[in-house]
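A.B. asks: all I have is the shape, not the residue letters:
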Ligand SMILES: CC(=O)SCCNC(=O)CCNC(=O)[C@H](O)C(C)(C)COP(=O)(O)OP(=O)(O)OC[C@H]1O[C@@H](n2cnc3c(N)ncnc32)[C@H](O)[C@@H]1OP(=O)(O)O
Ligand SMILES: O=C([O-])CC(=O)C(=O)O
């Protein structure tokens, strides 16, 4: 204990820690800040990785097939990602904890029941469940860092409202690189062993500034451009809800807490997470790395699918009416497939069962909006689509993913501008990408540079082999 406190004291005097809002209490019971706890964990983790590599480093992980090179690298073990691991049948576990466990273990807001996203960020980074006090400290720290530079406001304000919110989002996040602590420290010749501290500071700034960026885009594109101020006494989701104009609706605020928590991380191979890690491996700072993540998240087979689900549902309603029969829904689904399109919100590159993030959102809907007509349609589709996808015979997973449900919940509370939905997904995904960027810099992860082959090279390699 004494050693730990001495360690904390030494660490906290480092200039690296100067920008965190550490509050020193006169009592000995003061709890560690996130950065202090990380500083304690990093040396142990470095030793753990050394030991794993010494013991298992030369062991094969299984064969690589040519199909995997052509097939989007499905199932290829290729990345280290500590925040979460995805099981095809069970779904995501954040640092070993299922969504249900996170819901019951992570601190909720006073009077609320959904987990605070501040808590999952702590969990993703440390593998530990934070106390309510540590989570409250993170809320205060993020609120204190939330302001965005004037030139970033101008960039957003100059975007035509016809520019997709995700393009605006990625531009604004990229521009935050102007004030990157990591980029500056690198130019100043900082030592490799200190990279993680600057990456931590940038990551905290990144997450903290996202509500102001998202809120500004939303108000510019869909409202009157006026934005309320961040309240330093409110948690992250309550502030984001206020910036979007829904702060007085407690049910919406609770939804946002759940929404951000469950969208944070989905192991490392998904497009947004892997992109962030890849770009970060060039020592691009967290703003550049996460800007790149957002461009991947903006694709319709990935994060944009939540927008696509709502568009598809609305189009269905306009064609077959609001209380359509099962038969009418079935023929609409078939017409989508026969038109060479995908059914948005269904299927997954890894999952082979219903996404537990879908289930968590369904449980929220059953509790808060059981009679919502669009929620009922989502339930009706759940009964219809999987058997059609199975009959069509292509999709390896006929079950719904997270995007099949999220838009319906947001629509219920009046956030019905579906082009904005992926921005909220992006706010959340920053947590998972940032957590891994910090660890990658702490553990000295190298530049990513896998080997590629041309089709001609593959033909030559296997020419005389059976
Ligand atoms: C947060 C997220 O990113 S969750 C995913 C969000 N995306 C969507 O919901 C879009 C709809 N779903 C899909 O397009 C796919 O299921 C993906 C992109 C998620 C996964 O892709 P894959 O791993 O390639 O899936 P899979 O191996 O099952 O694909 C095999 C075939 O089934 C098709 N298929 C898969 N899912 C669907 C679907 N929902 N509707 C129609 N066809 C589908 C694929 O397009 C592919 O067709 P092809 O052989 O003509 O190229
Ligand atoms: O895991 C994936 O490939 C896609 C996904 O669900 C996510 O990134 O949340």
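C.D. replies: Happy to help now that I have it. Since the model is a prediction, treat every value here as computed from it, not as a measurement. Numbers count the residues shown, from 1 in each chain. Ligands and ions are numbered 1, 2, ... in the order given.

A.B. asks: the helix or strand containing residue 408 close to ligand 2?
C.D. replies: Counting by DSSP states H and E, the element that carries residue 408 is helix 403-412. No - if you take C-beta under 6 Å from any ligand atom as the test, helix 403-412 misses ligand 2, and the best it gets is 7.9 Å. Every C-beta, even on glycine, is put in place using the N, C-alpha and C of the backbone.

A.B. asks: what of stretch 267-284?
C.D. replies: Yes - counting by C-beta under 6 Å from any ligand atom, ligand 2 is contacted by stretch 267-284 at residue 270.

A.B. asks: for the helix or strand encompassing residue 100, what does the pLDDT average out to?
C.D. replies: With secondary structure defined by DSSP H and E, residue 100 is part of helix 99-105. Mean per-residue pLDDT for helix 99-105: 98.

A.B. asks: where does the stretch 351-466 of the chain come near ligand 2, residue by residue?
C.D. replies: Within the stretch 351-466 of the chain, the residues that sit near ligand 2 (C-beta under 6 Å from any ligand atom) are 401, 402.

A.B. asks: which stretches in the stretch 351-466 of the chain count as helices?
C.D. replies: Here the stretch 351-466 of the chain has its helices, by DSSP state H, counting those that start in this stretch, at 356-368, 373-392, 403-412, 421-442, 455-461.

A.B. asks: for residue 70, find the nearest of those helices.
C.D. replies: Of all those, it is helix 455-461 that lies closest to residue 70, at 8.6 Å by C-beta to C-beta.

A.B. asks: how about the closest one: buried residues?
C.D. replies: When burial is assessed from 16 or more other C-beta atoms under 10 Å, helix 455-461 yields no buried residues.

A.B. asks: hang on, the earlier thing: ok now the helix holding residue 100, how far from the chain's centre?
C.D. replies: Here helix 99-105 is found 17 Å from its chain centre; the criterion is C-alpha atoms, centre = their mean, to the nearest Å.

A.B. asks: next: stretch 290-299.
C.D. replies: For stretch 290-299, the distance to the chain centre is 11 Å (C-alpha atoms, centre = their mean).

A.B. asks: residues making contact with that stretch?
C.D. replies: With contact meaning C-beta atoms under 8 Å, 6 or more residues apart in numbering, stretch 290-299 is reached by 164, 166-167, 169-171, 173-174, 177, 206, 271-276, 278-279, 284, 302-304, 422, 425-426, 429-430, 433-434, 437.

A.B. asks: just the buried residues of stretch 342-349, please?
C.D. replies: 342, 343, 344, 345, 346, 347, 348, 349.

A.B. asks: stretch 440-457 too?
C.D. replies: Residues of stretch 440-457 classed as buried: 440, 441, 442, 443, 445 (neighbour count, 16+ other C-beta under 10 Å).

A.B. asks: start and end of it, how far apart?
C.D. replies: End-to-end distance for stretch 440-457: 33 Å, by C-alpha to C-alpha, to the nearest Å.

A.B. asks: repeat for stretch 319-334
C.D. replies: Note: stretch 319-334 ends 14 Å apart using C-alpha to C-alpha.

A.B. asks: so what touches it?
C.D. replies: Under the criterion C-beta under 8 Å, 6+ apart, residues 316, 317, 343, 373, 380, 381, 383, 384, 385, 388 lie in contact with stretch 319-334.

A.B. asks: considering only the residues you listed, which also neighbour ligand 1?
C.D. replies: Among the contacts of stretch 319-334, the ones lying near ligand 1 by C-beta under 6 Å from any ligand atom are residue 343.

A.B. asks: which of the contacts of stretch 319-334 count as buried?
C.D. replies: Buried residues within these, counting neighbours by 16+ other C-beta under 10 Å: 316, 317, 343, 381, 385, 388.

A.B. asks: quick check: closest non-adjacent residue to the last one.
C.D. replies: Spatial nearest neighbour of residue 388, chain neighbours left out: residue 333 (5.1 Å); criterion: C-beta to C-beta, 6 or more residues apart in numbering.

A.B. asks: near ligand 1, which residues of the protein?
C.D. replies: Contact residues, the chain versus ligand 1 (C-beta under 6 Å from any ligand atom): 301-303, 305, 337, 342-349, 394-397, 401-403.

A.B. asks: what pLDDT does whatever residue of the stretch 301-450 of the chain ends up closest to ligand 2 get?
C.D. replies: Closest residue of the stretch 301-450 of the chain to ligand 2, C-beta to the nearest ligand atom: residue 349 (4.5 Å). pLDDT recorded at residue 349 is 98.

A.B. asks: distance of it from residue 294?
C.D. replies: Look at residue 349 and residue 294: by C-beta to C-beta, to the nearest Å, they are 19 Å apart.

A.B. asks: ok, now which ones touch residue 118?
C.D. replies: 107, 130, 135, 136, 138, 139, 142, 235, 236.

A.B. asks: and the two most separated of these?
C.D. replies: So, the contacts of residue 118 by C-beta to C-beta: farthest apart are 107 and 142, at 14.9 Å.

A.B. asks: quick one: residue 93 is in a strand?
C.D. replies: Yes - assessed with DSSP: H, G, I helix; E, B strand; the rest coil, residue 93 lies in a strand.

A.B. asks: show me the contacts for it.
C.D. replies: 84, 85, 86, 87.

A.B. asks: out of the residues you listed, which sit inside strands?
C.D. replies: 84, 85, 86, 87 (DSSP state E).

A.B. asks: got a quick PyMOL command for the buried subset of those?
C.D. replies: Buried residues among these (16+ other C-beta under 10 Å), as a PyMOL selection:
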select buried, resi 84+85+86
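
A.B. asks: which one of the ones in strands among the contacts of residue 93 sits closest to residue 251?
C.D. replies: Using C-beta to C-beta, these come closest to residue 251 at residue 84, 27.1 Å.

A.B. asks: got phi/psi on the closest residue in space to that closest one that isn't next to it in sequence?
C.D. replies: Distance criterion C-beta to C-beta, 6+ apart; nearest residue to residue 84, sequence neighbours excluded, is residue 265 at 4.3 Å. When read as degrees, to the nearest 10, the backbone of residue 265 gives phi -150, psi 140.

A.B. asks: now do the helix or strand just after the helix holding residue 100, average pLDDT.
C.D. replies: Moving toward the C-terminus from helix 99-105, the next helix or strand (DSSP H and E) is helix 117-126. Averaging pLDDT along helix 117-126 gives 98.

A.B. asks: any residue of helix 117-126 touching ligand 2?
C.D. replies: No - residues of helix 117-126 contacting ligand 2 under C-beta under 6 Å from any ligand atom: none, with a closest distance of 13.7 Å.

A.B. asks: tell me the angle of that helix relative to helix 421-442?
C.D. replies: With axes from the mean of the first three to the mean of the last three C-alpha atoms, to 10 degrees applied, the angle from helix 117-126 to helix 421-442 works out at 30 degrees.

A.B. asks: residue 308 and residue 454, how far apart?
C.D. replies: 34 Å.

A.B. asks: try residue 227
C.D. replies: For residue 227 relative to residue 454 (C-beta to C-beta), the value is 51 Å.

A.B. asks: how about the nearest residue to residue 354, chain neighbours excluded?
C.D. replies: Excluding the flanking residues, the one nearest residue 354 by C-beta to C-beta, 6+ apart is residue 399, at 4.4 Å.
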